[in-house]
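Engineer: Any chance you can model this:
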Amino acid sequence: MTRGTLWALTGVSFLAVYREAFETVLFYQALWQQAEGARASVLMGFALGGGTLAILAWLIFRFGLRLPIGPFFAASSVLLALLAVMFAGHGVAALQEAGWLPVDPVNFLQVPALGMYANQQALWLQGILLAAVTAGFAWGYARRRPETIPQNETR
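Structural biologist: Numbering: from 1, shown residues only. Here you go, the predicted structure:
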């Protein structure tokens, strides 16, 4: 590697990590502002997440534990998809509370903690998002190459 390439790689790596740290700070700042009566829960969640991360890092470094990367990314993808649907519901509710979107109630289960609000706007957006995510997962699954089955060799 040349000296210039090494500096470029260092700079890109720094920016990638810094961006993630900045996003995390913004996320926790917004969460802290919204959780006036439940700040102890935010701190507990932060501590549990940090503790879990520390334990996993220790296991990986101490025992050379290898995480099965396929199932790990599959589980994290499903979790991120569910969080996207939940955040979409919260976003619609916030826009409705601000008066920027109308509220058309429907007779449906309402679980605000999960981002489920019984109104047409939230449910339509979440339904479309869920359909798009499901289609994306199905498309990715269909694109996988079928594993080749070895033929019995005759000698």
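Engineer: can you pull out the helices in this protein?
Structural biologist: Residue ranges of the helices in the chain, as given by DSSP state H, are 3-34, 39-63, 69-97, 120-143.
Engineer: got CSV for these, with mean pLDDT, mean neighbour count and distance to Asp104 too?
Structural biologist: All C-beta atoms are positioned from the backbone trio N, CA, C, and that covers glycine. Below are those laid out as CSV (pLDDT from 0 to 100; neighbours: other C-beta atoms under 10 Å; distance: least, C-beta to C-beta, whole Å):
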stretch, mean pLDDT, mean neighbour count, distance to Asp104
helix 3-34, 90, 10, 25
helix 39-63, 91, 11, 32
helix 69-97, 92, 14, 10
helix 120-143, 94, 13, 4
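Engineer: Including distance to Gln110, could those helices go into CSV?
Structural biologist: Below are the helices of the chain laid out as CSV (distance: least, C-beta to C-beta, whole Å):
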stretch, distance to Gln110
helix 3-34, 19
helix 39-63, 21
helix 69-97, 10
helix 120-143, 10
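Engineer: So for Asn107, which of those sits nearest?
Structural biologist: For Asn107, the closest of the helices of the chain is helix 120-143, at 11.2 Å, according to C-beta to C-beta.
Engineer: Give me the packing partners of the closest one, helices and strands only.
Structural biologist: helix 69-97 (3 or more C-beta pairs under 8 Å, 6 or more residues apart in numbering; DSSP states H and E).
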